[in-house]
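K.L.:
my questions concern the predicted model and sequence given below.
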Amino acid sequence: MRPEKVQIVEELQATLNASPFVLVTDYTGLRVDEFSTLRIRLAEAGAECRVVKNTFLRRALTEAGLPDLSEELRGQTAIVIGESDVAAAAKVVKTFSGETKKLTVKVGVIDRAVVDASQVAAIADLPSREVLLATLLGTLQAPASTLARLLNEPASALARVLKAKSEKEGEAAA
């Protein structure tokens with residue numbers, strides 16, 4: 001392989017190693033302005049989209065120790081990679097795919113495990129990381145809140161009884 005190609009594969013391999021996920025897409029029929037829109041939306045979600053040559057991607061995946069995706073690497077291929085949240089990137093890709101009907105997800109690799117297009121769509125339907133963390137926090141706090149109310153209830157009940165009794169005695173004296 002020529003030195004220029006070796007350098008391209010090495011850069012692609014470094015990019016793949018740095019990203020916790022790779023979504024392999026087919027962008028056949030996508031216009032340049034649509035592709036630019038996709039890139040802008042992905043950048044807002046902390047991800048990026050790169051057009052890659054299938055042979056380079058195949059070799060970079062192998063050298064990075066990622067699963068072999070040779071069956072899916074046909075046609076015009078672009079990869080979506082990011083730094084952290086695969087759900088945000090998957091949401092952008094799913095939304096954009098629904099709008100244009102031109103971008104399709106072929107396959108994905110998340111934490112070195114192969115996921116198909118339907119699993120990527122399921123990930124896109126998940127709530128954001130912040131919402132999931134808030135839900136988890138609420139679930140973890142619920143037993144403590146219930147316990148605090150239960151421990152406080154006898155004292156509250158006693159206070160209500162004493163208040164009612166004092167009000168009743170006040171009415172009787174008047």
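P.N.:
Looks like it arrived, so ask away. Numbering: from 1, shown residues only.
K.L.:
Three-state assignment for Glu71, please.
P.N.:
Secondary structure, DSSP: H, G, I helix; E, B strand; the rest coil: Glu71 is coil.
K.L.:
and it, how close does it get to Asn54?
P.N.:
Distance, Glu71 to Asn54, by C-beta to C-beta, to the nearest Å: 11 Å. No exception for glycine: its C-beta is placed from N, CA and C like everyone else's.
K.L.:
select the longest helix from this structure.
P.N.:
Assignment by DSSP state H gives helix 129-173 as the longest helix of the chain.
K.L.:
what about that helix, average pLDDT?
P.N.:
Averaging pLDDT along helix 129-173 gives 78.
K.L.:
that helix: how far from the chain's middle?
P.N.:
38 Å (C-alpha atoms, centre = their mean, to the nearest Å).
K.L.:
then stretch 17-29 to CSV, C-alphas only?
P.N.:
C-alpha atoms of stretch 17-29 as CSV (Å, rounded to 0.1, in the frame of the first residue of the first chain):
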residue,chain,number,x,y,z
ASN,A,17,-10.1,4.1,18.7
ALA,A,18,-10.9,7.5,20.2
SER,A,19,-14.7,7.1,19.6
PRO,A,20,-16.9,4.8,21.8
PHE,A,21,-19.2,4.3,18.8
VAL,A,22,-19.2,4.1,15.0
LEU,A,23,-22.4,4.3,13.0
VAL,A,24,-21.9,3.2,9.4
THR,A,25,-24.4,4.9,7.0
ASP,A,26,-25.3,4.9,3.3
TYR,A,27,-25.6,8.4,2.0
THR,A,28,-26.6,7.6,-1.6
GLY,A,29,-28.6,10.5,-3.1
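K.L.:
care to break the chain down by domain?
P.N.:
Split into domains by automatic domain parsing, the chain comes to 3-126, 128-174.
K.L.:
export these to CSV and tack on mean neighbour count?
P.N.:
Below are these laid out as CSV (neighbours: other C-beta atoms under 10 Å):
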stretch, mean neighbour count
domain 3-126, 17
domain 128-174, 10
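K.L.:
what's the least confident stretch among these?
P.N.:
For these, the bottom mean pLDDT is recorded on domain 128-174, which sits at a mean of 77.
K.L.:
isn't there a strand covering Pro67?
P.N.:
No - assigned with three-state DSSP, Pro67 falls outside any strand and is coil.
K.L.:
do I have it right that it meets Arg58?
P.N.:
No - the pair Pro67 and Arg58 does not pass the contact test of C-beta atoms under 8 Å, sitting 11.3 Å apart.
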